[in-house]
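Asks: Sequence first, predicted coordinates after that:
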Amino acid sequence: MQPPPWKRIRLRRVAAVLAAVLALTIGTVGALTGSSAQADSTATASATASATAPAIDCSAVAALDLSGISGAPTQIASATVLAAGGNTLGNWAACEVKGLIAPQIQFDLRLPMTTWQGSYLQVGCGGNCGVVSSGSAPAATGCVPLTDGAFAVASDNQGHYGTSMSSGLFGTDPTLKTDFGYKSEHQLAVVAKDIIRRFYGASVTRAYYDGCSQGGHEALTEAQRYPTDFNGIVAGAPANNWTAHTFQHAWNAQAVFAGTDGAATLTTADLTPLHNAVLNGCGATDDGIIEDPLSCTWDPGSIACASGQTSTADDFCLTAAQVSTVRKLYSGPRDSAGKLLYPGWQLRGNELNWAGVIVPTTATGSTTNQTNVNERVRYLLYPEAHPELSWRDVTFTDASYKKLMKLNEGPMDATDPDLSAFKAAGGKLIVWQGLADPNISSVAGMAYYKAVAKTMGGAAATREFARLFLLPGVAHCGGGQGPDSIDALTAVVDWVTAGEAPDSLLSRKINSSGTVTAARPVYAFPYIAVGTTGGSADDPAGYTAQLSTAENNLKVDYLGSFRSGYETVSSWVDGKWVTRPGKS
């Protein structure tokens, strides 16, 4: 198959802006293709001229009676002016509204005082949430409409208070669990739009959602369950296959902590030499990035210690136990028959990103992976709490898988590939993820996208409204080894407002002083960026779009399925779980 014709156009645009990109800082660069950067400047120039002024004072918002909002009775706690200098979203003054949607959905809404252009942005949360995080948008680095105050922006705590974003205690209350699972973001959208209408005397013209990890889960939940809430959605590293994902976390923990007396077989000291061996085995580029990790089948057995050999810094090798651990991480969670229990696994090349997440610093240390799965099995997977359970109690069998999937059918997962209502409403969706993500397998993102394409009439029909971008070397929601800063938000705004579908995004590495130190294009799945000029790996102009055979032909055969429609939605009625048919 020949590369698509748009690749030549995009590369010419990238080349034209390369010199400027490498010299500019985070506050002045649009992290997109050339056409999107042009749209940014146009939006900036018209920001003040087309702004809508408030119809009431900020202080008057605190007195609004929102108790009658259907399905989302609300009380305002405060409404105060936030000075431009104190706004983490950009240099614009806002009326900051804090409130509560029954029963416990706390939210923060920032209403531009002089720069609002009719749009609304809702920002997702991470982990198990429990905090309000309106202070940043995860995929909007360099988004000029955001930094210039064109959007009203809101975020919530997903319906509960948490002592940390890993806490799952709220799961002991079925109402709070349901709010976390799928209801809170819709309710916030309804309430925020109502407050905006009253404050400006004008309704929202376009609405956008931007979230990563659990925020990506929320984003896909909105596209699937509430297809008219948002015109454009950005879903980063979505934790949408929520229940099955528990098996991946537990599998990883059991694979790593498989040594004597439960000690870890790998520690962070092993990761750099292991990673270097993988880079050599997978043909990494000069910047240490594997362009197409899904195609690499390097086996850790190739560096197994010989009989009597001891691993050293100069002569690194893996023990038999370590080879088994790494193979398990690369294989993904499977039952005794070899069937996948989650549609994903660790891709080669993300080993450095296992540190602290999957692999501990010391053999008796702990990881965030253990913490996350413990919170799930103790408080979120079952109707009742099981504080005595841990990741060691998860069994990888057909029976245990089906039991947990049945218990969480409806409220906790967002796996429906039928996005026909969202497409019919004119919605546009960008899904993005790091290929070196150790928390949520990028394979799961590919598998879901392919399920959407199958349901929606094929790849071409799906590309009309939804596209997936995979960032080489990038970890969970950013970080890692590759350029990790993108502006997917401006891309989806351009798509919604101007019909400019993004064929590529520009990912950048930005240092602590805000200077761009590296950049490369990222093409829409299943195309990858391949260096073809022999120039610097940090030069976007040196890449060409190439079809990834591994991505294009990916087939993930796992015990579950991407359901077309939610057959049941669970509820807590009279002290027991009951189900009701149809989508909520």
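Replies: Perfect, I can see it now. Residues are numbered from 1 along each chain as shown.
Asks: Now for the residue nearest to Tyr543 when sequence neighbours are not counted: which residues touch it?
Replies: Leaving aside its chain neighbours, Tyr543 sits nearest to Ala529 (4.1 Å; criterion: C-beta to C-beta, 6 or more residues apart in numbering). All C-beta spots, glycine's among them, are computed from the backbone N, C-alpha and C. By C-beta atoms under 8 Å, 6 or more residues apart in numbering, Ala529 lies in contact with Glu291, Pro472, Ser504, Arg520, Pro521, Val522, Tyr523, Tyr543, Thr544, Ala545, Gln546.
Asks: where does the stretch 451-584 of the chain dip in pLDDT?
Replies: Applying pLDDT under 70 to the stretch 451-584 of the chain flags the ranges 564-584.
Asks: circling back: now, the contacts of Ala529 that are in strands?
Replies: Taking DSSP state E as the definition of strands, these contribute Ser504, Arg520, Pro521, Val522, Tyr523, Tyr543, Thr544, Ala545, Gln546.
Asks: quick one: which of those residues is nearest to Ser167?
Replies: Proximity of the ones in strands among the contacts of Ala529 to Ser167 (C-beta to C-beta) peaks at Val522, which lies at 33.9 Å.
Asks: Am I right that that closest one is in contact with Ser507?
Replies: Yes - using C-beta atoms under 8 Å, Val522 is in contact with Ser507, at 5.1 Å.
Asks: Mind listing the shared neighbours of the two?
Replies: Leu471, Ile486.
Asks: count of residues packed around Ile56?
Replies: Residues near Ile56, counting by other C-beta atoms under 10 Å, number 15.
Asks: Make residue 1 into 84 and carry on from there
Replies: Got it, first residue is 84 now, which makes that one Ile139.
Asks: contacting residues around it?
Replies: So Ile139 contacts Arg281, Phe282, Gly284 (C-beta under 8 Å, 6+ apart).
Asks: can you list the residues you listed in JSON lines and add distance to Asp293 and pLDDT?
Replies: As requested, these are exported to JSON lines (distance: C-beta to C-beta, whole Å; pLDDT from 0 to 100):
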{"residue": "Arg281", "distance to Asp293": "24", "pLDDT": "97"}
{"residue": "Phe282", "distance to Asp293": "22", "pLDDT": "98"}
{"residue": "Gly284", "distance to Asp293": "26", "pLDDT": "97"}
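Asks: which of those residues are buried?
Replies: Neighbour-count burial (16 or more other C-beta atoms under 10 Å) applied to the contacts of Ile139 gives Arg281, Phe282.
Asks: Tell me which of the contacts of Ile139 fall in helices.
Replies: Members of the contacts of Ile139 lying in helices (criterion: DSSP state H): Arg281, Phe282.
Asks: ok, of the contacts of Ile139, which one's closest to Ala347?
Replies: Distances from Ala347 to the contacts of Ile139, taken by C-beta to C-beta, are shortest for Phe282, at 53.6 Å.
Asks: Okay, strands next: where are they in the stretch 184-333 of the chain?
Replies: Along the stretch 184-333 of the chain, the segments classed as strands by DSSP state E, counting those that start in this stretch run 188-195, 202-206, 234-239, 289-295, 315-319.
Asks: could I get those strands as TSV with mean neighbour count and mean pLDDT?
Replies: Listed next are the strands of the stretch 184-333 of the chain as TSV, based on neighbours: other C-beta atoms under 10 Å; pLDDT from 0 to 100:
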stretch	mean neighbour count	mean pLDDT
strand 188-195	25	97
strand 202-206	27	96
strand 234-239	29	96
strand 289-295	27	96
strand 315-319	30	97
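Asks: quick one on the thing from earlier: make a ChimeraX selection of whichever of the ones in strands among the contacts of Ala612 turn out to be buried.
Replies: Typed into ChimeraX, the line below selects the buried ones among the ones in strands among the contacts of Ala612, using 16+ other C-beta under 10 Å:
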select :587,603,604,605,606,626,627,628,629
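Asks: out of everything not next to it in sequence, what's closest to Ala166?
Replies: Ala176 is the one closest to Ala166 (C-beta to C-beta, 6+ apart), at 5.8 Å.
Asks: show me what contacts that neighbour?
Replies: Ala176 is in contact with Val164, Leu165, Ala166, Ala167, Asn170, Pro195, Met196, Thr197, Gly232, counting by C-beta under 8 Å, 6+ apart.
Asks: again, 7 Å this time
Replies: Val164, Leu165, Ala166, Ala167, Met196, Thr197 (C-beta atoms under 7 Å, 6 or more residues apart in numbering).
Asks: any idea which of those is closest to Gln205?
Replies: Among these, and counting by C-beta to C-beta, the member closest to Gln205 is Leu165, at 17.9 Å.
Asks: Confirm for me that the closest one is in contact with Glu179.
Replies: Yes - Leu165 lies in contact with Glu179 (C-beta atoms under 7 Å); the separation is 4.3 Å.
Asks: Between those two, which contacts overlap?
Replies: Arg193.
Asks: doesn't Arg193 make contact with Glu179?
Replies: Yes - contact criterion C-beta under 7 Å: Glu179 and Arg193 qualify, at 5.4 Å.
Asks: what touches both of the two?
Replies: Leu165.
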